[in-house]
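> below are the sequence and a predicted model for it; my questions follow.
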Amino acid sequence: MECMEERGQIVMPIFYDVYPWEVTTHKWKYGEAFAKSELKNNIKVESWKKALVDATSILGWVTKYIANGREAGCVKQVVDTISKRLFPTKNFETTSMTTLTSFHEDVEHLKIPLRDILLATKTFAKENIIAGGGFGKVYQGQSQQHGIIAVKQLDRRNGQGDREFMMEIALLSTYKHENIVYLVGYCDQDGEKILVYKYEMNGSLDKLIHSRSLTWIQRLQICIDAASGLSYLHNDVGPQHRILHRDIKSANILLDENLKAKISDFGLSKIVLANVPCTVVISIPCGTPGYVDPQYLRRNVLTQKSDVYSFGVVLFEVLFGRLASLEEHPDESHFSVQSAQRHFRENTLDEIIDSDLWKQMNLASLSTFSKIASDCLKEQGEERPTMSKVVEELKKALDHQLAVGAA
């Protein structure tokens with residue numbers, strides 16, 4: 001940020017993940033700290049005092065940002081407010097963040113009356129249940145207005161609640177991509193919190209992992225689709241922010257009637273600043289056991305490379321036709337990350353890949369695919385590839401495979 005300081009920049013303290021009303025309530029603490037400071041007569045200190053007081057006046061909209069999980073927008077607004085207060089003569093251009101600028105974004109058009117949802121699902125009939133997860137059960141429904149829909153009903157007993165509900169609405173009403181699930185609408189009525197999505201005919205990827213009818217080319221394309229969706233979240237949602245999904249797994253990758261993959265379930269996601277190559281956030285680990293980045297688990301340090309690790313697990317699931325397991329020696333329908341890495345290092349992938357799938361594979365395609373999958377699982381996050389690189393390598397693997405057919 002440009003200013004008149006000797007080093008050409010200033011460092012701006014931001015109280016991240018602190019409720020704004022706590023800052024407002026305890027403003028006297030900041031005043032007391034300044035009073036004890038040796039620099040209490042310094043005009044710069046006085047400027048900071050005034051700027052901090054000025055920033056706390058924005059309590060109303062800060063509360064709404066945080067309540068709905070849009071921390072990045074909150075931080076930007078605080079930075080802008082303090083900057084203008086510190087340097088009133090400077091012309092700070094407001095960076096365009098069209099997806100985050102106004103939290104009062106109107107989503108009224110997405111509201112669906114509860115009576116319509118009850119009608120579509122036959123009052124959440126048991127026979128209409130098609131999936132279930134941390135948020136709650138998912139029902140298939142038939143709506144006159146929207147056609148076939150997937151209806152996700154919040155069950156607070158599973159540990160999720162308002163934050164996850166609002167995060168899904170905030171993200172999916174703002175960000176659109178062909179490889180991200182489409183939000184039809186939501187219902188927040190009579191104590192019910194319900195999310196309504198476009199129904200994806202082939203369900204979730206975890207249900208098809210074992211299928212021998214899913215060819216190697218189809219598997220490659222599914223991985224490219226999912227990687228493209230995740231790359232969009234990490235790199236292309238805006239110039240100064242990115243989205244960390246935090247729960248990438250095959251169960252959260254949905255497949256439409258043409259097997260086009262779409263990333264779903266954004267309840268645990270975080271919007272973070274992206275003005276550095278690798279965003280780092282201190283966060284309590286969450287996600288699904290077996291897919292969570294071990295570095296994230298140990299250090300509470302979340303980066304986009306945490307999503308990359310989870311996606312690496314998915315890549316090996318697609319390659320092996322088996323689901324991942326936390327067990328070091330799982331049954332024949334599962335594998336462990338340790339065994340996947342061992343088979344890759346020892347060049348014994350043929351021992352774990354289904355024989356029918358193995359016969360379809362071009363060796364160059366397999367080599368390229370397995371190498372990028374292994375790189376995603378590197379112990380150190382900085383050694384893992386970006387999602388853009390993952391997309392690039394997966395497309396190479398597909399090109400190698402298609403070249404065989406062309407020949």
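That came through fine.

> quick one, phi psi at the closest residue to Ala131 other than its chain neighbours?
Sequence neighbours aside, Val138 is the residue nearest to Ala131 in space, at 4.0 Å (criterion: CB to CB, 6 or more residues apart in numbering). Glycine gets a C-beta too; all of them are placed from N, C-alpha and C. Taking degrees, to the nearest 10, you get phi -120, psi 130 for the backbone angles of Val138.

> what pLDDT does Val138 get?
As predicted, Val138 sits at a pLDDT of 95.

> I would like the residues contacting stretch 295-306, please.
By CB atoms under 8 Å, 6 or more residues apart in numbering, the surrounding residues in contact with stretch 295-306 are 234, 242, 244, 246, 270, 278-285, 287, 292-293, 309, 379-382, 384, 386-387.

> what residues are up against the residue nearest to Ala131?
Applying CB under 8 Å, 6+ apart to Val138 gives the contacts 129-132, 150-153.

> CA atoms of stretch 196-214 as PDB?
Extracted in PDB, the C-alpha atoms of stretch 196-214 (Å, rounded to 0.1, in the frame of the first residue of the first chain):
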ATOM      1  CA  VAL A 196     -32.000 -26.800  -3.200                       C
ATOM      2  CA  TYR A 197     -29.700 -27.800  -6.000                       C
ATOM      3  CA  LYS A 198     -30.000 -28.900  -9.600                       C
ATOM      4  CA  TYR A 199     -30.200 -32.700  -9.500                       C
ATOM      5  CA  GLU A 200     -27.200 -34.500 -10.900                       C
ATOM      6  CA  MET A 201     -28.300 -37.800 -12.500                       C
ATOM      7  CA  ASN A 202     -25.200 -39.900 -11.800                       C
ATOM      8  CA  GLY A 203     -24.800 -39.000  -8.200                       C
ATOM      9  CA  SER A 204     -21.500 -38.700  -6.400                       C
ATOM     10  CA  LEU A 205     -18.200 -40.000  -7.600                       C
ATOM     11  CA  ASP A 206     -17.600 -42.300  -4.600                       C
ATOM     12  CA  LYS A 207     -20.600 -44.400  -5.700                       C
ATOM     13  CA  LEU A 208     -19.000 -45.000  -9.200                       C
ATOM     14  CA  ILE A 209     -15.400 -45.500  -8.100                       C
ATOM     15  CA  HIS A 210     -15.700 -49.300  -8.200                       C
ATOM     16  CA  SER A 211     -17.700 -49.500 -11.400                       C
ATOM     17  CA  ARG A 212     -15.900 -51.400 -14.200                       C
ATOM     18  CA  SER A 213     -18.100 -49.700 -16.700                       C
ATOM     19  CA  LEU A 214     -16.300 -46.400 -16.000                       C
END
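
> and Pro113, how many neighbours?
11 (other CB atoms under 10 Å).

> so it touches Gln189, yeah?
Yes. Counting by CB atoms under 8 Å, Gln189 is a contact partner of Pro113 at 7.1 Å.
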